[in-house]
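In: let's see this in three dimensions:
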Amino acid sequence: MSMEVLQNESAIALSRSVLKRKGASSLDSPLQAFLRRYGMAKGIAVGDQVKSWDVLETLNFIERHVQKNEAILDIGCYASEIIVALHKAGYTHLTGADLNPDLKQMPYQKSIRYEKVNFMQTPFADASFKAITSISVIEHGFNGAVLLREMSRLLQAGGYFIASFDYWPEKIDTTGIKFFDMDWLIFSRQDVIDFVAQAAEYNLIPVGEMHFEGEDKPIECAGKKYTFGWLVLKKMK
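Out: Residues are numbered from 1 along each chain as shown. Here you go, the predicted model:
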């Protein structure tokens with residue numbers, strides 16, 4: 001499958017249960033959350049309950065298609081759960097890219113390479129990675145051409161770009177709404193179709209069927225209700 005949509009809120013809870021059974025969940029326990037609230041816990045809170053479904057989809061896909069010792073890059077990795085989940089799953093060649101100055105507080109500093117860089121223009125060598133992950137990142141300051149050019153440059157032939165993003169089939173207007181000082185895009189079906197068409201110009205193509213329909217809008221932010229989309233593109237030779 002190349003395009004999937006989060007269907008409802010129950011899928012979030014079910015995915016979190018699976019992540020816990022796999023030993024891949026990084027959410028704070030109630031005690032950890034209490035200690036963190038009063039400054040008695042080290043590090044930063046990693047992960048977000050509402051992003052359980054796309055983290056699990058990404059983890060499952062990588063476990064089916066990427067070997068444990070192959071290089072994986074997570075873009076926008078600050079507080080992202082997927083790079084920690086991959087470490088817990090036994091992946092040994094992990095890199096996280098983000099501009100957040102608190103990146104050094106992310107867990108497993110001795111095992112995961114964290115780089116404070118702009119993921120749209122990185123210093124990494126061509127064809128450095130077998131897979132690149134992105135959880136709820138690309139919809140902020142979206143620039144398809146710049147993003148796709150860099151992802152294609154960084155991926156090895158046969159590698160995968162795996163991204164989740166805010167989504168609803170019909171267009172939702174987000175004009176004037178900003179996060180991290182960047183414009184916010186809730187992808188519509190047509191936005192995804194256009195993005196995939198643009199990706200082909202950079203030798204990135206879908207790996208399977210594209211499902212666009214969503215049953216419910218389980219996510220709410222800034223007065224907008226929507227869901228998540230999840231997409232995989234493969235770098236061709």
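In: show me the contacts for the residue nearest to residue 53 when sequence neighbours are not counted.
Out: The shortest distance from residue 53 to any residue other than its chain neighbours is 4.3 Å, reached at residue 15 (C-beta to C-beta, 6 or more residues apart in numbering). Where C-beta positions appear, they are placed from N, C-alpha and C, glycine not excepted. Contact analysis of residue 15 by C-beta atoms under 8 Å, 6 or more residues apart in numbering lists 52, 53, 55, 56, 57.
In: quick check: beta-bridge partners of the spatially most central residue of the chain?
Out: Residue closest to the mean C-alpha point of the chain, counted by C-alpha atoms, centre = their mean, is residue 135 at 1.6 Å. Beta-bridge pairing for residue 135 (DSSP bridges): residue 164.
In: relative to residue 165, how far out is it?
Out: 9 Å (C-beta to C-beta, to the nearest Å).
In: please apply the same query to residue 62.
Out: Where residue 165 is concerned, residue 62 sits at a distance of 18 Å (C-beta to C-beta).
In: and what of residue 182?
Out: 14 Å.
In: same check, this time on residue 148
Out: Relative to residue 165, and taking C-beta to C-beta, residue 148 is found at 14 Å.
In: the closest residue in space to residue 134 that isn't next to it in sequence: neighbour count?
Out: Spatially, and ignoring its direct neighbours in sequence, residue 134 is nearest to residue 163 (4.1 Å; C-beta to C-beta, 6+ apart). Using other C-beta atoms under 10 Å, residue 163 has 24 other residues around it.
In: what's the answer for residue 22, then?
Out: 15.
In: try residue 151
Out: Neighbour tally, residue 151, other C-beta under 10 Å: 26.
In: mind listing what it touches?
Out: By C-beta under 8 Å, 6+ apart, the neighbours of residue 151 are 132, 161, 202, 204, 233.
In: which parts of this structure are helices?
Out: Along the chain, counting by DSSP state H, helices occupy 9-21, 30-37, 52-65, 81-88, 144-154, 189-200.
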